[in-house]
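Colleague: here you go, sequence then predicted model.
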Amino acid sequence: MTGSTLLDVAKRAQVSKSTVSLVINGSGRVRPQTAARVRQAIAELNYIPNRTARTLRSGRTHLLGIIVSDITNPYFAELVRGVTAAARTDRYDAFVLDTDYDPELLLSHIESLRENRPDGLLLLTTERSQRAVARLQELDLPAVLLNWGWSGRRISEVAVDYLPAIAQLTGHLCDLGHRRLAFITGPKQYHSAGAREQAFRQALAAQDGRFDPPIFWEGDFRLLPETGQRIAEALRRLPPEQRPTALVASSDLIAFSALRALQAAGWQVPAGISLAGIDDIALSAFVTPALTTLRLPRRAMGKAAYALLKQMIDDPALTAPVQVVEPRLILRESVGPAPPLP
């Protein structure tokens with residue numbers, strides 16, 4: 001049956017129209033048996049709720065805007081999955097837009113999403129923009145940021161504390177006899193890249209001189225062959241006695257780029273050089289050798305981001321507290337004992 005109305009559903013389920021509305025809007029005020037009967041009637045009648053009517057009644061669109069840096073990067077895809085899985089229980093739909101790491105496109109996306117009147121935004125991007133924060137506050141639109149290092153009125157954040165896990169990783173490398181390390185950073189303009197590099201510097205500084213001064217090379221958060229080629233060439237140019245025995249990459253994609261180039265250049269990982277990443281995207285367990293990395297609980301982070309946003313949607317006077325998460329070390333095959341000194 002097509003063209004069914006809310007009244008048709010109410011009659012079929014033998015409930016009031018208001019009860020049907022409560023079930024459609026995900027209210028917990030309806031008894032489970034009654035809600036099940038309403039949902040069965042909706043399915044039998046092929047009833048499609050009118051979003052415009054729902055918006056007029058509730059003042060909400062039940063739409064969210066999600067902006068990520070790179071939807072092809074599994075890191076961001078899993079964040080989105082975490083958000084949408086949590087939002088589904090409250091009958092929220094989402095628009096997902098990709099900036100390709102461009103802060104100007106971030107601002108443009110905020111304006112595009114505004115036209116659809118979302119109840120809130122999640123800016124899960126590597127790039128950050130003070131102009132974007134100012135615009136959100138001007139629009140009085142609640143938002144949650146991902147590790148931007150900023151928050152404000154009706155703007156909260158899921159922050160990442162990298163230091164404990166990176167300290168654990170560098171301690172593990174020290175125990176394996178490594179003394180010369182290199183860190184492959186993300187692009188300098190990104191806050192998250194700086195946060196990972198800073199944690200690495202702090203972790204080494206706390207080792208009381210057990211490591212030589214580290215080497216820093218810049219990578220890219222995209223999967224790029226040229227990143228790995230530059231790293232392999234930089235290693236080749238160093239005298240053997242100055243070469244690092246272990247590389248720590250600022251992301252798993254950087255580590256993958258380095259791994260391919262190192263193997264093509266004849267380096268054995270980990271017999272000749274150890275390699276670790278950060279993120280623990282799913283592919284990390286399937287490359288050869290499997291990658292030692294720091295696991296960021298991305299689906300849990302997405303769920304937490306949605307929970308913070310929902311609090312602010314439900315209470316316009318509230319600014320939800322910042323939530324901090326920590327990665328954890330995942331040991332696999334790409335890290336081994338330091339090779340003998342030349």
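Modeller: Cool, got the structure. Everything numeric in this text was worked out from a predicted model, so none of it was measured. Numbers count the residues shown, from 1 in each chain.

Colleague: which of the helices and strands in this protein ranks last by mean pLDDT?
Modeller: When each helix and strand of the chain is scored by mean pLDDT, DSSP states H and E, helix 51-58 comes last, with a mean of 51.

Colleague: how about the secondary structure of Leu235?
Modeller: helix (DSSP: H, G, I helix; E, B strand; the rest coil).

Colleague: can you tell me the closest non-neighbouring residue to it?
Modeller: Spatial nearest neighbour of Leu235, excluding adjacent residues (Cβ to Cβ, 6 or more residues apart in numbering): Arg243 at 5.9 Å. C-beta: built from backbone N, CA, C; applies to glycine.

Colleague: what is the burial count for the one you found?
Modeller: As a burial measure, Arg243 scores 18 neighbours (other Cβ atoms under 10 Å).

Colleague: got a pLDDT number for it?
Modeller: With respect to pLDDT, Arg243 scores 94.

Colleague: just Gly59 next, same as before
Modeller: 57.

Colleague: about what we covered before: the residue nearest to Leu235: what's it in contact with?
Modeller: Arg180, Leu235, Ile273 (Cβ atoms under 8 Å, 6 or more residues apart in numbering).

Colleague: of those residues, closest to Val80?
Modeller: Ranked by distance to Val80 (Cβ to Cβ), the contacts of Arg243 are led by Ile273 at 34.4 Å.

Colleague: my read: that closest one touches Val248, true?
Modeller: No: using Cβ atoms under 8 Å, Ile273 makes no contact with Val248, being 11.5 Å away.

Colleague: and those two? which has more neighbours close in?
Modeller: More crowded of Ile273 and Val248, by other Cβ under 10 Å: Val248, with 31 against 23.

Colleague: low-confidence ranges in the chain?
Modeller: Filtered on pLDDT under 70, the chain yields the residue ranges 1-3, 25-27, 48-59, 342.

Colleague: ok so, going back, dump the contacts of Arg243 to JSON lines, plus distance to Glu44.
Modeller: Output for the contacts of Arg243, formatted as JSON lines (distance: Cβ to Cβ, whole Å):
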{"residue": "Arg180", "distance to Glu44": "69"}
{"residue": "Leu235", "distance to Glu44": "66"}
{"residue": "Ile273", "distance to Glu44": "63"}
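
Colleague: which among those residues gets closest to Ser4?
Modeller: Lowest distance from Ser4 to the contacts of Arg243 (Cβ to Cβ) belongs to Ile273, with 65.5 Å.

Colleague: how much space between the closest one and Ser250?
Modeller: 17 Å (Cβ to Cβ, to the nearest Å).

Colleague: quick check: buried residues in stretch 7-25?
Modeller: 8-10, 12-13, 15, 19-25 (16 or more other Cβ atoms under 10 Å).

Colleague: among those residues, name the ones in strands.
Modeller: Assigned to strands by DSSP state E, none of those qualify.

Colleague: let's have the residues you listed in TSV, adding distance to Leu122.
Modeller: Formatted as TSV, the buried residues of stretch 7-25 follow (distance: Cβ to Cβ, whole Å):
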residue	distance to Leu122
Asp8	36
Val9	32
Ala10	35
Arg12	37
Ala13	34
Val15	35
Thr19	32
Val20	30
Ser21	27
Leu22	26
Val23	26
Ile24	24
Asn25	21
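
Colleague: where does the residue nearest to Asn147 when sequence neighbours are not counted fall, phi/psi-wise?
Modeller: Excluding the flanking residues, the one nearest Asn147 by Cβ to Cβ, 6+ apart is Val160, at 4.9 Å. In terms of degrees, to the nearest 10, the main-chain angles of Val160 are phi -120, psi 130.
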